[in-house]
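# I would like the atomic coordinates for the input below:
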Amino acid sequence: MKLENFHAVAELIKERDYLTGLLIRMGSETKLTIKTPMQSNQDLRPDLVERMLPEMKLVIEQAIACTGEKLAALGVTTEKDAA
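Take a look at the predicted model:
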């Protein structure tokens, strides 16, 4: 990794960590809720959220893979490179 890419690498690592955490939370929670400002404790359409969940997980997994590719393009291939 080149020194001029340090900031970009740090941002990509934060993005990857956030997406990974989101995927873990989606897999561990029994019910995913999308909160609105007016209804802070329940979904407008929980049935839609439940149906969308598998596709949402796939999109997040693809975003994680894309982040990994961007890191590799910047020369980061291991966690040691990112440190």
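# L12 and L71 touch, don't they?
Yes: counting by C-beta atoms under 8 Å, L12 touches L71, with 5.3 Å between them. Where you see a C-beta, it was placed from the backbone N, CA and C, and this is true even at glycine.
# So in this structure, where's the weakest helix or strand by average pLDDT?
helix 79-82 (a mean of 60; mean pLDDT, DSSP states H and E).
# The host helix or strand of V59 packs against which elements?
Assigned by DSSP states H and E, V59 belongs to helix 46-73. Packing partners of helix 46-73 (3 or more C-beta pairs under 8 Å, 6 or more residues apart in numbering; DSSP states H and E): helix 6-28.
# Kindly recompute the last result at 10 Å.
Helix 46-73 is packed against helix 6-28, helix 79-82, with contacts defined by 3 or more C-beta pairs under 10 Å, 6 or more residues apart in numbering; DSSP states H and E.
# closest to A63 out of the ones you listed?
Within the helices and strands packed on helix 46-73, the stretch nearest A63 is helix 6-28; the backing value is 5.4 Å (C-beta to C-beta).
# any idea how far the most centrally placed residue in the chain lies from A73?
Geometric centre of the chain, nearest residue: L19, 1.4 Å, by C-alpha atoms, centre = their mean. Noted for L19: a distance of 18 Å to A73, by C-beta to C-beta, to the nearest Å.
# what about the chain, any weak spots by pLDDT?
Applying pLDDT under 70 to the chain flags the ranges 1, 29-44, 79-83.
# hang on, the earlier thing: and the helices and strands packed on helix 46-73 as JSON lines, adding distance to T67?
Formatted as JSON lines, the helices and strands packed on helix 46-73 follow (distance: least, C-beta to C-beta, whole Å):
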{"stretch": "helix 6-28", "distance to T67": "4"}
{"stretch": "helix 79-82", "distance to T67": "12"}
